[in-house]
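**Student:** sequence isn't available, so here's the structure alone:
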């Protein structure tokens, strides 16, 4: 071994500390890149040269992963190391649309993006630069974020990656979307249920390939599936609908008598290492071919966690402060995985050629997906003061139109569209189901996706937007919390994307106030506090239309947005028409609109979030006016616009929206002698008004659920009654 070698002919190697003087069988198998010039993949996976160069790539990934994490004594090398051969094989077979469920594999993915030159798009051209910018702002984040060139999707919370793989497969039928899944993450219930429903709905869409990284350990202990036998694991996947389960177990190639069911292939003799890598390469090729040809397939690589790095098992998962590049364990592991400079150049050449170029140029998410023109959205404007209308039904008509114009458009709902007043969506677009039944508007070809899982609904809908398509996730407000982790992940990634993508849009219906007799299990408007916090991200816009006209205008606006998360909360009950379309369009810019104003001895402002809650508010306004007060009722439609610019991280977004209501406009709407913010949901939505107002002010908001006969009884239980509003207003105005 020699340290700190400079190789002028390969400047990208600057920062690699250890180079090997020679490598076994180099003269036999390393003379020429196994991916020939002008080709995009290994020609013959059975070729010894192909296995040899796949092994070189796997070791290069291990080395870089440890070098980069060691440079900051921080990060996660062990998990990726255990599946390096599988990742290397699939890439050299030409597959670069790779996603993962495992955020802890980030340094391995960054190493791959470095080797195929994707990171040059962010100014990282040498290993030293990659070391310098790992886990630093404007650099390589600790977990995949979606902003790194060549990487298709973010990864952080377990159980999410399959959504991205399935969305990609649905939109791009001619590409393979491998998705690595950790055996720790396999314990999440979402993964298999999401895949199972997707496969039932889209039996012909099999061009996604789960790659189970079965290494025996999770983050801090043995994984919960570590005790399963190989036959049990195969049966588990077959029982979940997979027709082909292809498992490669490193134990079958071990010639070093390693104890336990999980072994490290880097400890084998070189001949056995090559044999194991060949088996992985052939298996990956077989799995990819099955997946691309209509067979639901999983590839499983069984190898000890931490294979080839500084430690094994869960001890390899994380680096701690003492794991610097001077630490003996790190030094020993780097030296053991080191390659000759010529091998690094060979690996890079193969990586550049694989898939037709760097992932930053060929991955599907690196370009904008062309979308069908929707033309003029057919809004139907109802007369103000006319017959009450159902907001969700009015929006459903527009959703049906969008789906008819855009065949890739998908609507998802776990609890049923009919229950939310949007049966018209099902009637027009049809529920995807293998059983054709006109009574239930279901057929095999449809555009309404209805798994009984909010995670599966939110996951596919949000992932489609991240990959460039349109979608709508519909949910009962009370149950949506189960889908929010993936929606939040995607929305945060949207803020960082290097390209415009359609906003991910949600419709939340059946709010707490409508769910009296169902009791507290269906009364969970606390979800609004989640969005209230997310508003400060800069690209999250919760919208609260007060009526059917306003709901249509909100959806019209959402369809035109890019890289935003738009949340529309609307009632499924018939409610009065209080606004025109144009008033809401203005309110989407200003944040709110005055619905009513009168003069009196003092001006009381009732600032309202929601639609049904306006009923007791208007009754309270009448009673206050009868006592001589002037009242202004303001409907808050887009509370994010009402923050101060400095409150929100809008300027950090890749598609920044810096429009906020100015002080004069705020005073025009909310200025008065007393201000009461009123909502049937979480009080956090009122924060922008409370922050900026200088008036005497107070809030009336949701407290808790209960079984009641009517919405008015439920509001009264929560202190949202005309009498309570009047008393609070008079007390403030004294």
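**Tutor:** Structure received. Bear in mind the structure is a predicted one, so any value in this text is a computation, not a measurement.
**Student:** surely residue 585 meets residue 555?
**Tutor:** No: counting by C-beta atoms under 8 Å, residue 585 does not reach residue 555; the two are 11.9 Å apart. Yep, even glycine has a C-beta here, placed from its N, CA and C like the rest.
**Student:** who's more crowded, these two?
**Tutor:** residue 555 (25 against 16; other C-beta atoms under 10 Å).
**Student:** surely the more buried one is in contact with residue 568?
**Tutor:** Yes: under the criterion of C-beta under 8 Å, residue 555 makes contact with residue 568 at 6.4 Å.
**Student:** hey, what's in contact with both of those two?
**Tutor:** Residues within reach of residue 555 and of residue 568 at once, by C-beta atoms under 8 Å, 6 or more residues apart in numbering, are 395, 505, 507.
**Student:** which one of those residues sits in the busiest neighbourhood?
**Tutor:** residue 507 (31 neighbours).
**Student:** what does whichever helix or strand that residue is part of contact?
**Tutor:** According to DSSP states H and E, residue 507 maps onto strand 504-509. Applying C-beta under 8 Å, 6+ apart, the contact partners of strand 504-509 are 392, 395, 420-422, 458, 461-462, 465-466, 471-477, 480, 487, 490-491, 494, 527, 555, 558-559, 564-572.
**Student:** go again with 6 Å.
**Tutor:** Applying C-beta atoms under 6 Å, 6 or more residues apart in numbering, the contact partners of strand 504-509 are 392, 420, 462, 465, 472-475, 477, 480, 490, 558, 565-569, 572.
**Student:** and what of stretch 662-680?
**Tutor:** Contacts of stretch 662-680 (C-beta under 6 Å, 6+ apart): 513, 590, 592, 602-610, 613, 617, 634, 685-686, 689, 692-693, 695-702, 728-729, 732-733.
**Student:** which residues touch the residue nearest to residue 599 when sequence neighbours are not counted?
**Tutor:** In space, and not counting its chain neighbours, residue 599 is closest to residue 630: 4.5 Å by C-beta to C-beta, 6 or more residues apart in numbering. With contact set as C-beta under 6 Å, 6+ apart, residue 630 has these partners: 598-600, 603.
**Student:** which secondary element of this protein has the worst mean pLDDT?
**Tutor:** The helix or strand of the chain with the lowest confidence, counting by mean pLDDT, DSSP states H and E, is strand 2-3 at a mean of 43.
**Student:** okay, now residue 44: neighbour count?
**Tutor:** 11.
**Student:** please name the nearest non-neighbouring residue to it.
**Tutor:** residue 50 (6.2 Å).
**Student:** SS state for residue 660?
**Tutor:** Assigned with DSSP: H, G, I helix; E, B strand; the rest coil, residue 660 falls in the coil class.
**Student:** what's around the closest residue to it other than its chain neighbours, how many residues?
**Tutor:** Nearest non-adjacent residue to residue 660, counting by C-beta to C-beta, 6+ apart: residue 645, 5.0 Å away. Around residue 645 there are 11 other residues, counting by other C-beta under 10 Å.
**Student:** surely residue 645 touches residue 661?
**Tutor:** No: Residue 645 is beyond contact range of residue 661, at 10.1 Å (criterion: C-beta atoms under 6 Å).
**Student:** and the biggest helix by length in the chain, what does it pack against?
**Tutor:** When the chain is scanned for its longest helix (criterion: DSSP state H), the result is helix 48-72. If you count contacts as 3 or more C-beta pairs under 6 Å, 6 or more residues apart in numbering; DSSP states H and E, helix 48-72 packs onto helix 84-92, helix 106-115, helix 127-133, helix 270-292, helix 328-337, helix 341-353.
**Student:** out of those helices, deepest packed?
**Tutor:** A comparison of these by mean neighbour count, using mean count of other C-beta atoms under 10 Å, puts helix 84-92 on top with a mean of 30.
**Student:** residues contacting that helix, please?
**Tutor:** Outside helix 84-92, the residues within contact range by C-beta under 6 Å, 6+ apart are 42, 54, 57-58, 61-62, 178, 211, 277, 280-281, 284, 301, 350, 354.
**Student:** check stretch 136-145 too.
**Tutor:** Outside stretch 136-145, the residues that touch it by C-beta under 6 Å, 6+ apart are 103, 106, 110, 133-135, 151, 154-156, 496.
**Student:** how about a cut-off of 8 Å?
**Tutor:** Taking C-beta under 8 Å, 6+ apart as the rule, stretch 136-145 contacts 68, 74-75, 100, 103-107, 109-110, 119, 124, 130, 132-135, 147-148, 151, 153-156, 492-493, 496.
**Student:** now the contacts of residue 630 as JSON lines including secondary structure, distance to residue 114 and neighbour count?
**Tutor:** Output for those, formatted as JSON lines (DSSP: H, G, I helix; E, B strand; the rest coil; distance: C-beta to C-beta, whole Å; neighbours: other C-beta atoms under 10 Å):
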{"residue": "598", "secondary structure": "coil", "distance to residue 114": "66", "neighbour count": "15"}
{"residue": "599", "secondary structure": "coil", "distance to residue 114": "68", "neighbour count": "11"}
{"residue": "600", "secondary structure": "coil", "distance to residue 114": "69", "neighbour count": "15"}
{"residue": "603", "secondary structure": "strand", "distance to residue 114": "62", "neighbour count": "19"}
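**Student:** make CSV out of these and add pLDDT and distance to residue 387.
**Tutor:** Putting the contacts of residue 630 into CSV (pLDDT from 0 to 100; distance: C-beta to C-beta, whole Å) gives the following:
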residue, pLDDT, distance to residue 387
598, 97, 25
599, 96, 30
600, 96, 31
603, 97, 32
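**Student:** tell me how far stretch 577-587 lies from the chain's centre.
**Tutor:** Distance of stretch 577-587 from the chain centroid (C-alpha atoms, centre = their mean, to the nearest Å) equals 32 Å.
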